[in-house]
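K.L.:
coordinates only, sequence not included:
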């Protein structure tokens, strides 16, 4: 039995992989025509036919697309705010099945199928009943299906949807079908995934991509705009738009915009800190001579990871795009790919558990401009901006830093894409080059040590002494970078360093133009900056004190040499009045204790190491410059001068 289960598991895994790389994308295209578009019905139909042929020619076997009119309930939403649309906007006006959670009759109802079997009645408002009847006239339901059985149990309750929700919360009724806008977070009710065929949730489960296409006219130009929504990850892509002056060319314009908005998908097979193995969705359907297929993921493409975790009914409970984490494809055979992994400092990268309920996918990034705003805020308090952070970029190959500027009062700084395309070194090439560098260093040290031994023998023969061998003086020859081994990225990936005060707060991979504003939540650095300012002020006081001590000591000795003992005594009194090591050390300890108490009170401990290091260096500065004997030695010199003067005076005539 165990062998049979293991074999069945291997077969299922093999089938899943085969389906993934040979299954075409299931694409739904919803189109809408703006009211100002003045074209005939025949011209509109011809446009859709030409568009379908154009997409079939471009995407070939990798797509199975369906072009349909946009649902009437969504047209106003899309026409008003297509660029900022989300999946929640699509489902906001849909209906949700809600049951009373505290009743024993509904305790076991967790799925739509269970509700169809167990419930005897489902309450709706008169408006919902009328809407359901209208929809079923256009899309009749099978009476034996779960949806058909739910529809047969609808009971109209006067008073509207708000009154129905109050009856559910008070446990007066068992179940109801209400618009999503009326849902509440009350623990006495439980929502059920409502799998009616016209619901967005059902459509998402049966499609891979949803495109929203709007065509209109403006200033004697035909205008089109397209936006992609990935159904698996529920992520909305950027809106792309274009215009043309001939209606006969609108289908080609629209096809080009759809290609720009489309994001191919890959799946993470395995990953570690710096490299990942990926599998190409529909990659097996792309022939070698079809290099221009938009579904192809190419070497140099930049991918953004998304984690989806489902519940036991297959509905997503977690949809998380990993911020500041990217995978750059460095090698591909059309189906499997190798990629460099870039993530933020301390981030997990692409590592993580993968099981039937957790999927880790990647979408190709599509920058729509050449600039984005980077905003630095306090972690967990996005309303608190971190102003004055210094932003640098570090070259991927030369490791040279470039200063970009400081965040303004709102914590923002615009970051533009570099003028030239970014090149990176594949992880395998980087590891090989590191090995070459180590070998070159070892060889250089060995040769330098051998030459030193020869010089040492010659010096011994000549009775000379040579300084000891110093490894740090060995010149290591450079290992040149072969340009043929580099990968040029198709998107501008920058390596951003955020410096707050004297400390580097974060390292962030960043793609300018991907979104308008990318927000980075970092630890609160206000106490650290206050500590730095106080320590710097204290260090300045130490240096000023050291200068005063040296100056007064020199003046005392000068007066002594000139025989001006009264003036020397006055300067000595001033020197004794300056703070000594013990006083300054007590003052520093008081400052440090105050800062640590504020760290404890604020619950911020991440900066303690840096603050402790600052205080240690300051205390070392105290010990180095204020523990000398300059006051004692100067006082002894003055006493000796006074004693010598008194002795000389008594021996006079």
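P.N.:
Yep, it's here. Computed from a predicted structure; not experimentally measured. Residues are numbered from 1 along each chain as shown.
K.L.:
Surely residue 182 and residue 162 touch.
P.N.:
Yes. Applying CB atoms under 8 Å, one finds residue 182 in contact with residue 162, separated by 6.2 Å. Backbone N, C-alpha and C define where each C-beta goes, glycine included.
K.L.:
Of those two, which one has the most company?
P.N.:
residue 182 (17 against 12; other CB atoms under 10 Å).
K.L.:
what's near enough to touch that one?
P.N.:
Contacts here follow CB atoms under 8 Å, 6 or more residues apart in numbering; on that basis residue 182 touches 161-162, 164-165.
K.L.:
Can you tell me how far residue 276 is from residue 350?
P.N.:
Per CB to CB, to the nearest Å, residue 276 is found 5 Å from residue 350.
K.L.:
Mutual contacts of those two, please.
P.N.:
268, 327, 341.
K.L.:
In CSV: these, plus distance to residue 470 and secondary structure.
P.N.:
Formatted as CSV, these follow (distance: CB to CB, whole Å; DSSP: H, G, I helix; E, B strand; the rest coil):
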residue, distance to residue 470, secondary structure
268, 48, strand
327, 43, strand
341, 39, strand
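K.L.:
Ranking by neighbours, what's the top pick from those residues?
P.N.:
residue 327 (27 neighbours).
K.L.:
Was I right to think that residue contacts residue 305?
P.N.:
Yes. Judged on CB under 8 Å, residue 327 makes contact with residue 305 at a distance of 6.6 Å.
K.L.:
Touching both of those two, which residues are there?
P.N.:
In contact with both residue 327 and residue 305: 350, 362, using CB under 8 Å, 6+ apart.
K.L.:
contacting residues around the nearest residue to residue 621 once chain neighbours are set aside?
P.N.:
Leaving aside its sequence neighbours, residue 621 sits nearest to residue 542 (CB to CB, 6 or more residues apart in numbering; 5.6 Å). Residues near residue 542 by CB under 8 Å, 6+ apart: 584, 618, 621-622, 625-626.
K.L.:
so which helix or strand takes in residue 542?
P.N.:
helix 526-561 (DSSP states H and E).
K.L.:
Show the subsequent helix or strand relative to that helix.
P.N.:
Toward the C-terminus from helix 526-561 - assigned by DSSP H and E - lies helix 565-577.
K.L.:
on contacts alone, who are the packing partners of that next one?
P.N.:
helix 526-561, helix 630-650 (3 or more CB pairs under 8 Å, 6 or more residues apart in numbering; DSSP states H and E).
K.L.:
Name the residues of the longest one that come out as buried.
P.N.:
This means helix 526-561. 527-529, 531-532, 534-535, 538-539, 542, 545-546, 549, 552-553, 555-557, 559-560 (16 or more other CB atoms under 10 Å).
K.L.:
That helix versus helix 630-650: what angle between them?
P.N.:
10 degrees (axes from the mean of the first three to the mean of the last three CA atoms, to 10 degrees).
K.L.:
Where do the helices of the stretch 301-450 of the chain begin and end?
P.N.:
Along the stretch 301-450 of the chain, counting by DSSP state H, counting those that start in this stretch, helices occupy 427-461.
K.L.:
okay, the contacts of residue 542 in JSON lines with neighbour count, distance to residue 151 and secondary structure next?
P.N.:
Output for these, formatted as JSON lines (neighbours: other CB atoms under 10 Å; distance: CB to CB, whole Å; DSSP: H, G, I helix; E, B strand; the rest coil):
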{"residue": "584", "neighbour count": "21", "distance to residue 151": "84", "secondary structure": "helix"}
{"residue": "618", "neighbour count": "20", "distance to residue 151": "76", "secondary structure": "helix"}
{"residue": "621", "neighbour count": "17", "distance to residue 151": "81", "secondary structure": "helix"}
{"residue": "622", "neighbour count": "20", "distance to residue 151": "83", "secondary structure": "helix"}
{"residue": "625", "neighbour count": "18", "distance to residue 151": "87", "secondary structure": "helix"}
{"residue": "626", "neighbour count": "21", "distance to residue 151": "87", "secondary structure": "helix"}
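K.L.:
In terms of distance to residue 500, which of those ranks first?
P.N.:
residue 618 (19.3 Å; CB to CB).
K.L.:
Spit out the contact partners of the closest one.
P.N.:
535, 538-539, 542, 588.
K.L.:
could you check the distance from it over to residue 114?
P.N.:
68 Å.
K.L.:
now do residue 336
P.N.:
The value you get for residue 336 to residue 114, if CB to CB is used, is 41 Å.
K.L.:
cool, residue 300 as well?
P.N.:
Taking CB to CB, one finds residue 300 at 49 Å from residue 114.
K.L.:
Over to residue 298?
P.N.:
According to CB to CB, residue 298 and residue 114 sit 46 Å apart.
K.L.:
any low-confidence regions in the stretch 401-550 of the chain?
P.N.:
526, 530 (pLDDT under 70).
K.L.:
Residue 560 is in contact with residue 567, correct?
P.N.:
No. With contact defined as CB under 8 Å, residue 567 does not reach residue 560; the gap is 9.3 Å.
K.L.:
check contacts around residue 641.
P.N.:
Contacts of residue 641 by CB under 8 Å, 6+ apart are 560, 565, 568.
K.L.:
pLDDT score for the closest residue to the last one other than its chain neighbours?
P.N.:
Read that as residue 568. Leaving aside its sequence neighbours, residue 568 sits nearest to residue 559 (CB to CB, 6+ apart; 3.6 Å). pLDDT recorded at residue 559 is 88.
K.L.:
ok now do residue 559, which residues does it touch?
P.N.:
Residue 559 touches 565, 567-568, 571, counting by CB under 8 Å, 6+ apart.
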